[in-house]
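Visitor: No letters, just coordinates:
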């Protein structure tokens with residue numbers, strides 16, 4: 001009950017929920033409807049930076065508290081995301097579908113093998129992280145209600161680089177394939193030929 005009260009009184013809850021069109025209570029973008037667990041408005045670009053560094057992505061520091069810099073996530077998922085033990089990527093690149101409407105579909109990619117054994121706390125219905133590895137988000141982002149894709153791409157790039165250095169990814173081909181998907185997400189945000197895209201993502205963030 002305490003966790004639910006914390007969830008429902010979050011300072012960004014109303015703005016974030018209104019922007020994305022999600023329920024204010026008991027909804028995680030990954031899990032969907034979820035009761036008996038702590039769901040928060042999770043920053044994509046970390047709050048502790050006060051927006052410093054966002055200029056490199058053609059964004060202003062004030063954007064750190066914009067609704068687009070938040071996702072609604074169950075707390076254990078948010079912690080793993082923040083620790084770069086998992087990241088989010090495109091389910092299918094936009095160019096793969098001729099009738100794509102601009103909606104954004106994301107999925108969960110776990111890079112720390114130890115994380116798969118850990119639990120996502122959901123009251124009497126706890127599940128292991130392995131159950132969400134590769135899972136598509138329950139929430140589909142509408143074309144005019146998107147998160148900062150370039151920041152999700154930057155987080156993903158840093159996560160796979162960490163995974164490579166930690167030995168979680170020891171396959172160069174797999175590493176390159178993941179980087180390509182990060183780049184595709186950034187391209188959707190910045191556009192092909194963007195100086196920012198080329199500077200930050202072609203050579204790694």
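Guide: Arrived safely, thanks for sending. Computed from a predicted model, the values in this text were never measured in an experiment.
Visitor: Next SSE downstream of the helix or strand of the chain with the lowest mean pLDDT?
Guide: Ranked by mean pLDDT, DSSP states H and E, the helix or strand of the chain with the weakest confidence is helix 2-8, at a mean of 42. Next in sequence after helix 2-8, counting helices and strands by DSSP states H and E, comes helix 13-20.
Visitor: Pull up the pairing partners for the helix or strand just after that following helix, direction included.
Guide: Remark: after helix 13-20, the chain's next helix or strand is strand 27-28, criterion DSSP H and E. When pairing is defined by DSSP bridges, strand 27-28 lines up against strand 32-33 (antiparallel).
Visitor: contact partners of the partner strand?
Guide: Contacts to strand 32-33, defined as CB atoms under 8 Å, 6 or more residues apart in numbering, come from residues 23, 26, 27, 138, 139. (Each C-beta comes from the backbone N, C-alpha and C, glycine too.)
Visitor: Check the offset of that strand from the chain's centre.
Guide: Averaged C-alpha coordinates place strand 32-33 at 16 Å from its chain's average position (CA atoms, centre = their mean, to the nearest Å).
Visitor: So for that strand, mean pLDDT?
Guide: Per-residue pLDDT values over strand 32-33 give a mean of 94.
Visitor: Check stretch 109-117 too.
Guide: The average pLDDT for stretch 109-117 rounds to 97.
Visitor: same thing with stretch 130-144?
Guide: On average, stretch 130-144 scores 95.
Visitor: ok, of the contacts of strand 32-33, which one's closest to residue 125?
Guide: Using CB to CB, residue 26 comes nearest to residue 125 of the contacts of strand 32-33, at 12.7 Å.
Visitor: all strands of this structure, in order?
Guide: With DSSP state E as the criterion, the chain has strands at 27-28, 32-33, 39-43, 70-74, 86-90, 106-110, 119-120, 127-128.
Visitor: The ones you listed: which one's closest to residue 189?
Guide: Minimum separation from residue 189 across the strands of the chain (CB to CB) falls at strand 86-90, 11.3 Å.
Visitor: Appreciated, that's everything.
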